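Enquirer: Make a model of this:
(chains A and B)
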Number of protein chains: 2
Amino acid sequence: MNESASAVAVRALEDARTLVEPALREAVDLLDPRMRAIAGYHFGWLDRDGNPSPGNGGKALRSGLAIAVARALGADPAAAVPGAVAVELIHNFSLIHDDLIDRDRERRHRPTVWAAWDDTTAVLLGDALVTLAYEVIADSGSDHAAKAAKALSVATRELVRGQADDVLLESRDRVELADCVSVAAGKTGALLAVSAALPAIFAGRPAEVVRALDTFGADLGLAFQIVDDLLGIWGSTEVTGKPVHADLAAGKKTIPVVFAMDRDPEVARWYAERDSRAEASAAELDAIAERIETAGGRAWAEAEADRYVAEALAALATAGVEDDVVVALATFVTQRRS
Amino acid sequence: MNESASAVAVRALEDARTLVEPALREAVDLLDPRMRAIAGYHFGWLDRDGNPSPGNGGKALRSGLAIAVARALGADPAAAVPGAVAVELIHNFSLIHDDLIDRDRERRHRPTVWAAWDDTTAVLLGDALVTLAYEVIADSGSDHAAKAAKALSVATRELVRGQADDVLLESRDRVELADCVSVAAGKTGALLAVSAALPAIFAGRPAEVVRALDTFGADLGLAFQIVDDLLGIWGSTEVTGKPVHADLAAGKKTIPVVFAMDRDPEVARWYAERDSRAEASAAELDAIAERIETAGGRAWAEAEADRYVAEALAALATAGVEDDVVVALATFVTQRRS
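Expert: Just a heads-up that it's a prediction; the model follows:
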């Protein structure tokens, strides 16, 4: 992407953070002191001892999208803040539970909640954040609060379904592309969809605008996930913050992999035999990455990501929101390919 | 309690179940097929293989209370159903996560969700049920949905806080009675409070009526918990479905125990030294139960339970709801002492 679009996206995320973070902190302040401190750690505001931390709480992409869409709709961004806070709370609830389920020890270069405290704390902090999301919506005082809560709960249901299916897929030898897309639609698409739809709901816009924004976010989420899958195989450490070939080393059957497994029996065999082997060497990972690329997994996934971005932008047009900032954000999150 | 009050309470719970269970099943039907089947198992509607089961899904006390209060208010009980379904969903979310956290293998004489499936399934099914509770409230179509969601989320926040504090207390040698009461207020009081308050919220009754019903439920919850603590020490297997002295054997520092620990150093010493010992013999458990009783733990806890019931009934009078059925339910849940 060109430099200026990227700068526009970064500025939009900063603008949103200025609006959303105080309200997010206010919501977290409703928790009891212990849970509040641990939530503050997870969000990057506090260190493990509860002291203020200059840490980075992540991109806050979902709330950034919500605020940008609100502005693009010509709606009062302040009215979109409860929705933006709620999607961040749901996103972080799911990160905390997923890190526990997947036994991931690090996030944003720090120990995850279960690793820094314990499993019980991770379960209960996630539980506290999910219910807090609905409290923020209910507290909005908006006439559209019930409609917003409904949309958020449908998305959260899908998010949980996606995570459950993802865990089930891991233990299966045979995975279809449709399964991968369904997991991505749940884990990544559902919450981005409602992030884009909520500002329209809170602004009282017609159902077809809400629906088109939902489609925009859902397609954007699929593109985002495929780009993430591409980076997990071919991304540089500089871009991903992880070792090269991280997803290959972890044996994850992501979209480019599943495409290649269907076309190259060697790739399928490598994945089928992974369990029974020691850690793969760098040379072996290089070789399998190349086979996946030769089988067309990389080019196909790139084309799919482009297709979903195009569909997302078409949905944006349907919603009547052809806004430079929203387009810059959509481009920003789906073009981290180098 | 006299036989007829008990019969009134049982009939009220059956009446509520007839109204609430179809709506609860409809909500659970929103889940994907796998989660729906596991939820159906947890609720006692299905066996582990997904076949219909004649099983018993528990008393459904919270939804029973909600419907009885709605009738007592002269409100349309149908309008109270979404609130009644939501409190059952929150209650069962908390049971599923608490069973996992406490590593309890059995509930209602069947394996718990984590024991029958796995930890991941228990985390995600709980997550699905909590968000479903808010979906049911949002779907109610009531003008009071946002107020109801707010009350439910405050209660759920308290419930999670109570569970977190309970886990922390277990690892502490020194426990104050105030800590025990605070845990009981969270784990048991908060959801009974909102169960009683929600029908008034959905019926659009004044804030002071809602508040008085909330107090009624909160006090009832404390009485209920203390009775549970008493049964955990002195209850017969016939009443509790557990071995006699079950809480003593598990080393739980319940309200009668903590009262006695403050007054009899022998009781305190027994609990302090428990970790380092093998399983206690029946004779030893008999002896410690007797010391707790001699130290006044039993009589004091019984008096406290009576005091909370009296306060609950006074709050009911303040709410203008001196209804025979609600009083019979309150009596029913707090007088299982034999």
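Enquirer: Apart from its chain neighbours, what residue comes closest to A:Gly204?
Expert: Nearest residue to A:Gly204, sequence neighbours excluded (C-beta to C-beta, 6 or more residues apart in numbering or on different chains): A:His144, at 5.9 Å. For glycine as for every other residue, the C-beta is placed from the backbone atoms N, C-alpha and C.
Enquirer: residues contacting the residue in the stretch 151-300 of chain A that chain B sits nearest to?
Expert: Of all residues in the stretch 151-300 of chain A, A:Ser153 sits closest to chain B, at 3.7 Å by C-beta to the nearest C-beta. Contacts here follow C-beta atoms under 8 Å, 6 or more residues apart in numbering or on different chains; on that basis A:Ser153 touches A:134, B:131-132, B:134-135, B:138.
Enquirer: With A:Gly296 instead?
Expert: When contacts are counted by C-beta under 8 Å, 6+ apart, A:Gly296 is found next to A:259-260, A:263.
Enquirer: What's the separation between it and A:Met261?
Expert: Distance, A:Gly296 to A:Met261, using C-beta to C-beta, to the nearest Å: 12 Å.
Enquirer: Can you show me the helices along the stretch 1-150 of chain A?
Expert: Assigned by DSSP state H, counting those that start in this stretch, the helices in the stretch 1-150 of chain A fall at A:3-28, A:33-42, A:61-72, A:77-102, A:113-116, A:119-138, A:145-170.
Enquirer: Just checking the shortest one against chain B, any contact.
Expert: If I follow you right, that is helix A:113-116. No. Against chain B, helix A:113-116 shows no contacts by C-beta under 8 Å from any C-beta of the partner chain, the least distance being 10.8 Å.
Enquirer: Which positions within that helix qualify as buried?
Expert: By neighbour count on 16 or more other C-beta atoms under 10 Å in any protein chain shown, the buried set for helix A:113-116 is A:113-115.
Enquirer: same deal with the second one?
Expert: By neighbour count with 16+ other C-beta under 10 Å, helix A:33-42 contains the buried residues A:34-42.
Enquirer: mean confidence for it?
Expert: Computed over helix A:33-42, the mean pLDDT rounds to 97.
Enquirer: same for the one helix or strand in chain A whose mean pLDDT sits lowest, what does it pack against?
Expert: Least confident helix or strand, chain A: helix A:237-240 with a mean of 77, by mean pLDDT, DSSP states H and E. With contacts taken as 3 or more C-beta pairs under 8 Å, 6 or more residues apart in numbering or on different chains; DSSP states H and E, helix A:237-240 sits against helix A:207-234.
Enquirer: and the helix it packs on with helix A:77-102, angle?
Expert: Angle of helix A:207-234 versus helix A:77-102, following axes from the mean of the first three to the mean of the last three C-alpha atoms, to 10 degrees, is 40 degrees.
Enquirer: tell me the angle helix A:207-234 makes with helix A:61-72.
Expert: Using the same axes, to 10 degrees: helix A:207-234 against helix A:61-72 is 140 degrees.
Enquirer: Flag the shaky bits of the stretch 151-300 of chain A, pLDDT-wise.
Expert: Applying pLDDT under 70 to the stretch 151-300 of chain A flags residues A:275-278.
Enquirer: Kindly report the residues of it close to chain B.
Expert: So the stretch 151-300 of chain A meets chain B at A:152-154, A:156-157, A:160-161, A:163-165, A:167-168 (C-beta under 8 Å from any C-beta).
Enquirer: Grab the nearest non-local neighbour of A:Ala184.
Expert: Leaving aside its chain neighbours, A:Ala184 sits nearest to A:Gln225 (3.9 Å; criterion: C-beta to C-beta, 6+ apart).
Enquirer: Let me see the contact set for the one you found.
Expert: If you count contacts by C-beta under 8 Å, 6+ apart, A:Gln225 has them with A:184, A:187-189, A:255.
Enquirer: again with A:Leu124
Expert: Neighbouring residues of A:Leu124 by C-beta under 8 Å, 6+ apart: A:35, B:97, B:101, B:160, B:163-164, B:167.
Enquirer: how about a cut-off of 7 Å?
Expert: Taking C-beta atoms under 7 Å, 6 or more residues apart in numbering or on different chains as the criterion, A:Leu124 is in contact with B:160, B:163-164.
Enquirer: Same check on A:Glu302?
Expert: By C-beta under 7 Å, 6+ apart, the residues touching A:Glu302 are A:Leu230.
Enquirer: one more time with 10 Å
Expert: Neighbouring residues of A:Glu302 by C-beta atoms under 10 Å, 6 or more residues apart in numbering or on different chains: A:226-227, A:230, A:234, A:256, A:337.
Enquirer: One more: A:Glu26?
Expert: A:85, A:136, A:139.
Enquirer: for A:Ile201, same thing?
Expert: Neighbouring residues of A:Ile201 by C-beta under 10 Å, 6+ apart: A:80, A:83, A:137, A:142, A:144-152, A:194, A:207, A:209-210, A:213-214.
Enquirer: hmm, which of the residues you listed are the buried ones?
Expert: Members of those classed as buried by 16+ other C-beta under 10 Å are A:80, A:83, A:137, A:142, A:144-152, A:194, A:209-210, A:213-214.
Enquirer: Would you report the backbone torsion angles of A:Ser281?
Expert: phi -80, psi 160 (degrees, to the nearest 10).
Enquirer: Pull the number of nearby residues for it.
Expert: By the criterion of other C-beta atoms under 10 Å in any protein chain shown, A:Ser281 has 9 neighbours.
Enquirer: quick one: it and A:Leu248 touch, right?
Expert: No. Applying C-beta atoms under 10 Å, one finds A:Ser281 not in contact with A:Leu248, separated by 11.5 Å.
Enquirer: follow-up on the earlier one: could you restrict the contacts of A:Leu124 to the ones contacting chain A?
Expert: Restricting these to those touching chain A (C-beta under 10 Å from any C-beta of the partner chain) yields B:160, B:163-164.
Enquirer: can you redo the residues you listed as JSON lines with neighbour count?
Expert: What follows is the ones next to chain A among the contacts of A:Leu124, written out as JSON lines (neighbours: other C-beta atoms under 10 Å in any protein chain shown):
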{"residue": "B:Val160", "neighbour count": "30"}
{"residue": "B:Gln163", "neighbour count": "22"}
{"residue": "B:Ala164", "neighbour count": "26"}
